[in-house]
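Undergrad: Here is a sequence together with a model predicted from it:
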Protein chains: 4
Amino acid sequence: MLPPSVCRVRDYRPLAEARLDPPVRSYLQEGDDGDNVRALEAARLIPRPLCSVGGGHTRIELFGQRLGHPILLAPIAYQMLFHPGGEKATALASAAQSGQMVISSLASQSLPAIAHAATSEGGPRPWFQLYWQENRQRTLGLLRRAEANCSVIVFTVDAPIKRATLHLPDGIRAVNLEPGRASSTARSASGTVFDGWMAQAPTWDDLCWLREQSDRPLLVKGLLHADDAARALAIGCDGIVVSNHGQRILSRSPAALHALPAIVQRVAGRVPVLFDSGIRSGEDVFIALAHGATAVLLGRPYVWGLAASGALGVAHVLRLLRDELEMTMALAGCASLADIDRRQLVS
Amino acid sequence: MLPPSVCRVRDYRPLAEARLDPPVRSYLQEGDDGDNVRALEAARLIPRPLCSVGGGHTRIELFGQRLGHPILLAPIAYQMLFHPGGEKATALASAAQSGQMVISSLASQSLPAIAHAATSEGGPRPWFQLYWQENRQRTLGLLRRAEANCSVIVFTVDAPIKRATLHLPDGIRAVNLEPGRASSTARSASGTVFDGWMAQAPTWDDLCWLREQSDRPLLVKGLLHADDAARALAIGCDGIVVSNHGQRILSRSPAALHALPAIVQRVAGRVPVLFDSGIRSGEDVFIALAHGATAVLLGRPYVWGLAASGALGVAHVLRLLRDELEMTMALAGCASLADIDRRQLVS
Amino acid sequence: MLPPSVCRVRDYRPLAEARLDPPVRSYLQEGDDGDNVRALEAARLIPRPLCSVGGGHTRIELFGQRLGHPILLAPIAYQMLFHPGGEKATALASAAQSGQMVISSLASQSLPAIAHAATSEGGPRPWFQLYWQENRQRTLGLLRRAEANCSVIVFTVDAPIKRATLHLPDGIRAVNLEPGRASSTARSASGTVFDGWMAQAPTWDDLCWLREQSDRPLLVKGLLHADDAARALAIGCDGIVVSNHGQRILSRSPAALHALPAIVQRVAGRVPVLFDSGIRSGEDVFIALAHGATAVLLGRPYVWGLAASGALGVAHVLRLLRDELEMTMALAGCASLADIDRRQLVS
Amino acid sequence: MLPPSVCRVRDYRPLAEARLDPPVRSYLQEGDDGDNVRALEAARLIPRPLCSVGGGHTRIELFGQRLGHPILLAPIAYQMLFHPGGEKATALASAAQSGQMVISSLASQSLPAIAHAATSEGGPRPWFQLYWQENRQRTLGLLRRAEANCSVIVFTVDAPIKRATLHLPDGIRAVNLEPGRASSTARSASGTVFDGWMAQAPTWDDLCWLREQSDRPLLVKGLLHADDAARALAIGCDGIVVSNHGQRILSRSPAALHALPAIVQRVAGRVPVLFDSGIRSGEDVFIALAHGATAVLLGRPYVWGLAASGALGVAHVLRLLRDELEMTMALAGCASLADIDRRQLVS
């Protein structure tokens, strides 16, 4: 049942927090995204009344998939921590809302099960977020399992170092990884950085290698420098996800929105540029697109919905954002996503 | 009886809020105008002492009407929610203070009654704010009723979408609209935006049509882009009201004051440019005029006066603003509204 | 007896407020000077260690008077409201600290008595702040009384309008004004501005006339525009006091510090430019001088000292500011006031 | 024993404050460094994933000493106030972490004892911070005692004036100074500045003289102006420490980070430029180095560790900062300190 009194996505946050154990709540809110949220909130849009926007819509085609809107669900680890429905609930909600999800390498349910939930309604296969698995052999194994169930590979490169901030409860683990070894993203901070974590972190050479291993669309997630975006394209990647990982990795990184325009300019339309970090409303989605993003990834807010109401909550969060995006488009005089550009921004 | 201890208009706010039921209070404060108020408060004026301002005044002629000051009362819906005197109290106070009011399409009292209250003291007929009524036929009906009682038409174009945030109590309704159908501005948010609300929203074509239907002065309210102001003038409109609707419609819209100079520059004196949104004091009126506005519309503050003390409160609010405007003019060395310009602003 | 635990001037504020009746306290703090204080606090100074500043001092000669430091006491009305010692206590303290005070037109003690307190220790005669007295005849009368007791005339031009915010208690009144008529600065806000207050406010013509009536040094206090400073000099005035009257008159006026450099540049050293508004510490004095001021007027802070401890408190406030000014000069490598300029400011 | 729950250096602050007497706590926090901390926090770094940083390290050679990292411990007076282990505990921790400390002129333990603690593990001799001792003779005496035990001389020039804010408890005193005279840095504020403190403050001539007295590396600490840095180099100094003394001396001094680039540019690599003031994390160390610093001095944070847990706390603070510095370097794609420059900063 949907909670009454939810008008905006942020209304789900207290509902979610009331249901989560304190360590899970801390894990979810860690790194709190403040710069990203503030950068989006500071942007201003000029309304353009009296435009004819009849027949307008938010549809988009991405990597051959037709989606109802440009709001993808970002890879979030261990979703059974937030609701027993876990990743399957998220997949179901996303498909029901004509959207798409990106399954985390650290998903708590099996890839076939999640993919089945996503496609049972006729939607496309979900995307998969790939973390480097210490070496090429192990990474290749995970890639092959992903290819068997997913359509697009999103290679996350910005999190070579991650403190293990949560002790996982019994029964919740990264079931799609090879057992018996910790993921490189869950090591503790003891020991040296350069010869510990970084020795197992992927490099540009590894990205070249990875590109050769798969003919699936391959996106690189976690770039903030235009030079890096250009290099990824030269290697043959099919898209860029501009993200600062919700500020969880490098606390002093710039707001993702501030890094977006330079990357969009360098990419110059050759591949889609997705935006991740700080989206809280449909107005935010519009603003990211006006800065040049092709689509966005939504993170914490859908987990609020998941924690509060399972699949129904995730679907409701998506519905709210879609409605807000449509209203913002209508007020700004944009009948389709292609109409959204910098001219709607107050410079 | 006037409340003691009111020195500034803002002193009426707590008095008003103490008298209003919580839902009405929320409705009044919704969207809270923060950016507009802050933009006005941030402006700085250079005092010019020792100027000769004897015989100074705040008089202005607008569309053939001689007014004592440039502070019009903005269209606010359902004023019987705030005081049993309703729109008639507002009209009476405005006329007593040599001012002018703009009656809302959603007025809770009949146009003839309000117009009679306004003119019984010898003042000019009030202005009328026109909301689009879903189609041309219904809109024309409302226009004709307005023309029978009002002098100037202010067509509000920035609110095609509006959540119904208030359940109206028995006996309060938009008595001047055709019964049996909801106004397009009071529909709920369910359903799609583009094929729902926006299908009934007016377009530039509708504005052309409207212009042809009436020989009354026709203003367009709710423009923030200079291109739109130019287009309205090309269509033959007689004035522009720069407004972001008190930020109630698009929360990320720019402060109205920031949009004003570009529109003033484009209009280049061909028609009056009125300013709406965030006025709280006579200093604010001066600042809007220094940025190029011909006159201003006052919104929430007069409703505070209405709720606290009826017609007397509205008149007192206007008196306070007039005095503050005169003092600001005197301190800035301006003997008439025509003397106010950007030179008084700290650049 | 000096209060213990006072290390900075601001420590006197709570001590003063604890001793004042609420209406007097409100009157003192009215208009609260926030912009002025923040502008001074935002300035940054580059320390210049290792300079030879032996024999350094803060002495200054102003209009033939040798003062120990550039911190004058601003004209504050009705000082018996704050302490029974009144203006005489202030005069005594100022003289004891080798300083100078400016007596208000609205002083609560007689000019001869205050002047006697100031000169009994061998100091120069105090200065007098002149408010326009509705017309030339009455103003001339006050000027002549001032000339009999004071050395320099400071004509305040920025306060033609002033709400009477305080009901004076029995026995406290402006004893140096002609009885039976209210000062133009104490009229109520009822009635119109232009034909009421402003009809009795001085104009540039009146300043020309005033200049001809007296051969005493004549300063104009309350200018913020460089054009006005130039005009005052053309009329023959001997100095300018840049001031926004502690923001009591026009709440949207710029911070006095922000207006200072343009005036200093225009005056170009022909006459002294004094700075008033927001001084709270010796660092502030240094900053005003680095922006081009010749000397400063101190307002509220000395009244805190007066209210807390009478003449001793005023003297202590001056001593604290002198010490802070000396320390700031020493750290900035300045051995005399003439060494202070913009090079010490972080641009 | 190390306190649980310390993940960041700042977590030590409440632990330290809980153990210190109020006057010692105030003394430690005095001047609170806000501008310095905010300047560092406002800087933004662009992550550069996928770089090969294998074999990376933080090693540095300074004045012939090989250190494991660029984080030196700043001179802090009277360390027995914070922990009975005093300066010896600090020296031990610094040596154990392959670092270096700068012993204060006001150390509470003898130079030979501190130096022995530092070198007992095979580390280099500590550095010594020299305060001017009123005249050349007394200063020379202290210099010679320092040379007997220390390797590098850091001459602090920015604190000629210092209020005695703390009454030292029995048994704690500056044991390395000549007895019977107060240090010039501990005099009270009474008396005049120019003929009191400043008469005993060092000048550029004294710095020339000092340079001639010693063949040890001589750094000047407390410069913020590029002209002063150039002059120190012309005199033959071997390094500059950019510092505003944690804002304890001149409250309006600029943030040290803002002064750093101009000095780095003027010094142009001829000598090391060290940075002091506001460092709270390894990210801050990286940011200072990206602005051109060769190394940094850490102040209050290691005293928090000392107060909370003695030598072990200091070592832990250093370990945390080293780890954070390594992680920041790895995320920014820098394998050695030489790779850190402005290109990692968001301009």
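TA: That came in fine, so what should we check first? Residues are numbered from 1 along each chain as shown, chains lettered A, B, ... in the order given.

Undergrad: so is the nearest residue to residue A:139 once chain neighbours are set aside in a helix, a strand, or just coil?
TA: Nearest non-adjacent residue to residue A:139, counting by C-beta to C-beta, 6 or more residues apart in numbering or on different chains: residue A:133, 4.4 Å away. C-beta coordinates here come from the backbone N, C-alpha and C atoms, glycine included. Using DSSP: H, G, I helix; E, B strand; the rest coil, the structure places residue A:133 in coil.

Undergrad: Quick check: phi and psi at residue A:133.
TA: Dihedral pair for residue A:133: phi -110, psi 50, per degrees, to the nearest 10.

Undergrad: And it, how far from chain D?
TA: 16 Å (C-beta to the nearest C-beta, to the nearest Å).

Undergrad: And for the residue of the stretch 1-150 of chain A found nearest chain B, the neighbour number?
TA: At 3.7 Å from chain B, residue A:56 is the closest residue in the stretch 1-150 of chain A, using C-beta to the nearest C-beta. Residue A:56 has 22 neighbouring residues, counting by other C-beta atoms under 10 Å in any protein chain shown.

Undergrad: Test my guess that it contacts residue A:331.
TA: No. Between residue A:56 and residue A:331 there is no contact under C-beta atoms under 8 Å: 11.4 Å.

Undergrad: Now for the closest residue to chain B within the stretch 201-347 of chain A: which residues touch it?
TA: Closest to chain B within the stretch 201-347 of chain A is residue A:326: 3.7 Å, counting by C-beta to the nearest C-beta. Residues near residue A:326 by C-beta atoms under 8 Å, 6 or more residues apart in numbering or on different chains: A:56, A:58, A:282, B:192-194.

Undergrad: The same query, at a cut-off of 6 Å, please.
TA: Contacts for residue A:326 were tallied using C-beta atoms under 6 Å, 6 or more residues apart in numbering or on different chains; they are residue B:193.

Undergrad: In what element of secondary structure is it found?
TA: Per DSSP states H and E: residue A:326 is located in helix A:300-331.

Undergrad: go on, residue A:55?
TA: Per DSSP H and E: residue A:55 is located in neither a helix nor a strand.

Undergrad: Tell me, how many residues neighbour it?
TA: 11.

Undergrad: again with residue A:68
TA: Neighbours of residue A:68 under the rule other C-beta under 10 Å: 16.

Undergrad: go on, the one 3 residues further on?
TA: When counting by other C-beta under 10 Å, one arrives at 26 neighbours for residue A:71.

Undergrad: Same question for residue A:282.
TA: Count around residue A:282 with other C-beta under 10 Å applied: 23.

Undergrad: Repeat that for residue A:195.
TA: With other C-beta under 10 Å as criterion, residue A:195 counts 13.

Undergrad: Chain neighbours aside, what residue packs nearest to residue A:222?
TA: residue A:158 is the one closest to residue A:222 (C-beta to C-beta, 6+ apart), at 2.7 Å.

Undergrad: where do the strands sit along the stretch 101-250 of chain A?
TA: For the stretch 101-250 of chain A, the strands defined by DSSP state E, counting those that start in this stretch occupy A:102-103, A:127-130, A:153-156, A:218-223, A:239-242.

Undergrad: what number of residues lie near the residue nearest to residue A:139?
TA: Residue A:133: 22 neighbours (other C-beta under 10 Å).

Undergrad: Distance of the closest residue to residue A:70 other than its chain neighbours relative to residue B:26?
TA: Leaving aside its chain neighbours, residue A:70 sits nearest to residue A:295 (3.7 Å; criterion: C-beta to C-beta, 6+ apart). Separation of residue A:295 from residue B:26 (C-beta to C-beta, to the nearest Å): 35 Å.

Undergrad: returning to what we had before: tell me who's in contact with the residue of the stretch 1-150 of chain A closest to chain B.
TA: So residue A:56 contacts A:335, B:194 (C-beta under 6 Å, 6+ apart).

Undergrad: ok, now the one 4 residues further on?
TA: For residue A:60, the contacting residues are A:67, A:70, A:337, by C-beta under 6 Å, 6+ apart.

Undergrad: Helix, strand or coil: sort out residue A:274 for me.
TA: Strictly by three-state DSSP, residue A:274 counts as strand.

Undergrad: ok, it touching residue A:241?
TA: Yes. Judged on C-beta atoms under 6 Å, residue A:274 makes contact with residue A:241 at a distance of 4.5 Å.

Undergrad: Give me the more crowded residue out of the two.
TA: residue A:241 (29 against 24).

Undergrad: interface residues of chain A facing chain B?
TA: Proximity of chain A to chain B, by C-beta under 6 Å from any C-beta of the partner chain, involves residues A:44-47, A:49-50, A:52-54, A:56, A:283, A:326-327, A:330-331, A:346.

Undergrad: Contact partners for residue A:12?
TA: Counting by C-beta under 6 Å, 6+ apart, residue A:12 has contacts A:304-305, A:308.

Undergrad: Out of these, which are close to chain C?
TA: Within the contacts of residue A:12, nothing lies near chain C by C-beta under 6 Å from any C-beta.

Undergrad: Buried among those residues? Make that a PyMOL selection.
TA: Buried residues within the contacts of residue A:12, by 16 or more other C-beta atoms under 10 Å in any protein chain shown, are selected in PyMOL with:
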select buried, chain A and resi 304+305+308
